[in-house]
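Provided below are the primary sequence and the corresponding predicted coordinates.
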Amino acid sequence: SVYPNPTTSFLNVSFNKEFSGSICDFTGKKLLSFSTKTVDLSQLASGIYVLDVISEDKRYTKKIIKQ
């Protein structure tokens, strides 16, 4: 799971296995890469982004709102 959404600065990613993730804008441009359970979004402008999390056997994609 991913929370809080919407968020103002930090995003928590709860995934059972080791993972890598990225935050992209809606054009597909990668803005952040991460592999930790807490993601700092404070440097991003307010808007809508796409979170993509990949583990060894699953892929999870979710719309994220940064306020």
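Cool, got the structure. Being a predicted model, the structure only gives us computed values, none of them experimental.

show the contacting residues for the nearest residue to T8 once chain neighbours are set aside.
Nearest non-adjacent residue to T8, counting by CB to CB, 6 or more residues apart in numbering: Q67, 5.1 Å away. From N, CA and C alone the C-beta is placed, and that goes for glycine too. By CB atoms under 8 Å, 6 or more residues apart in numbering, the residues touching Q67 are P6, T7, T8, S46.

how about 10 Å then?
P4, P6, T7, T8, S9, L41, S46, G47 (CB atoms under 10 Å, 6 or more residues apart in numbering).

do you know how far it is from I54?
Distance of Q67 to I54, computed by CB to CB, to the nearest Å: 26 Å.

returning to what we had before: how close does the residue nearest to T8 get to S20?
Applying CB to CB to Q67 and S20 gives a distance of 26 Å.

can you get me a residue count around the nearest residue to K37 once chain neighbours are set aside?
Using CB to CB, 6+ apart and skipping residues adjacent in sequence, the residue nearest K37 is V13, 5.3 Å away. Residues lying near V13 (other CB atoms under 10 Å) number 19.

wait, V13 touches P4, no?
No: assessed by CB atoms under 10 Å, V13 is found out of contact with P4, at 11.7 Å.

bridged to the spatially closest residue to N16 that is not a sequence neighbour, which residues?
Excluding its sequence neighbours, the residue lying closest to N16 (CB to CB, 6+ apart) is S55, at 8.0 Å. Here S55 sits in beta bridges with F19, going by DSSP bridges.

which element is the residue of the chain most remote from its centre on?
When distances are taken from the C-alpha mean of the chain, D57 lies farthest, 18.1 Å away, according to CA atoms, centre = their mean. Using DSSP states H and E, D57 sits in no helix or strand.

check contacts around it.
Taking CB under 10 Å, 6+ apart, we find D57 in contact with K17.

per-residue confidence for it?
pLDDT for D57: 85.

what's the answer for the one 5 residues further on, then?
Reading off the confidence values, K62 has pLDDT 96.

so for it, what's the nearest residue that isn't a sequence neighbour?
L51 (4.8 Å).

repeat for S9
S9 sits nearest to S42 (CB to CB, 6+ apart), 4.5 Å away.
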